[in-house]
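Participant: after the sequence you'll find the predicted model.
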Amino acid sequence: MDYPPSPNSSWVWRRICRVKHEIAPGYTDGIWHQQEGFSSARCYDWLKGQAPKMMWERVVCTGWSFPKHNFLGWLWAHEVLQTKSKLLHYGVVDEDTCQLCGMGSENQEHLFFDFPYNRQVIQQVKQYSGMDIPATNALEWCVHRQGSRLQKEVQYAMVVCVVYVLWQQHNNRRQEMVLVRLEWIAKRILNEMKARVRERDKNHLRIFDMEWLESKNLM
């Protein structure tokens, strides 16, 4: 633990040697404090400390979403999308009233679930797919989904797809101030999900999962 790396050592070696100082408190008389013994995984868990499991983990990391959807979903779950409410917090704008409807603060909850037009889009998607997509608390809704693993992951992917397309349409409206027909947006959401389902290898799927995908108009 007292070894000092040479100033001429490589950056990588100096960084490795610095790590030993960070984990030194985990040793007592040269013995790792955990009964299970030392491993890089246990050491990492010890360094980061205990943290609650995030609700968004399963929702934005499913293979039934396009990567671009997952990335946008990750930003949404962390509440870091550049809404006017967020820009006001950063001091970029002077007020955060929604410029599309003039009602309420333009935060994520308003854009995706309170903005009347987007609520209608979600209702249309529910009619096309038969999925009970929530009008609020979407992450919590995802966590409590029922069904097989595939069915839950596809429902997660549908919510993230809704968020992705609505955010894209929101940015377009801010630039052009034109509302696209909600039926067109709803069909685009469904078509994006269909495209992703078509890409996946379905030879290993169980019959009832295939039937479920067909019942949701995704085949």
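Facilitator: Done, it's in.
Participant: and for the residue lying closest to Pro134 once chain neighbours are set aside, the neighbour number?
Facilitator: Counting by Cβ to Cβ, 6 or more residues apart in numbering, Pro134 lies nearest to Trp141, which is 4.0 Å off, once chain neighbours are set aside. No exception for glycine: its C-beta is placed from N, CA and C like everyone else's. Using other Cβ atoms under 10 Å, Trp141 has 17 neighbouring residues.
Participant: let's have the chain start at 50 instead
Facilitator: Okay, residue one is now 50; in that scheme the one you just asked about reads as Trp190.
Participant: so Trp190: helix, strand or coil?
Facilitator: Look at Trp190: counting by DSSP: H, G, I helix; E, B strand; the rest coil, its state is helix.
Participant: for Glu225, see how far away it is.
Facilitator: 32 Å (Cβ to Cβ, to the nearest Å).
Participant: what do you get for Phe164?
Facilitator: Taking Cβ to Cβ, one finds Phe164 at 17 Å from Glu225.
Participant: more neighbours: the two, which one.
Facilitator: Using other Cβ under 10 Å as the criterion, Phe164 and Glu225 rank with Phe164 on top: 20 against 9.
Participant: list the contacts of that one.
Facilitator: 147, 149-150 (Cβ atoms under 8 Å, 6 or more residues apart in numbering).
Participant: one more time with 6 Å, if that's ok
Facilitator: Residues near Phe164 by Cβ atoms under 6 Å, 6 or more residues apart in numbering: Cys150.
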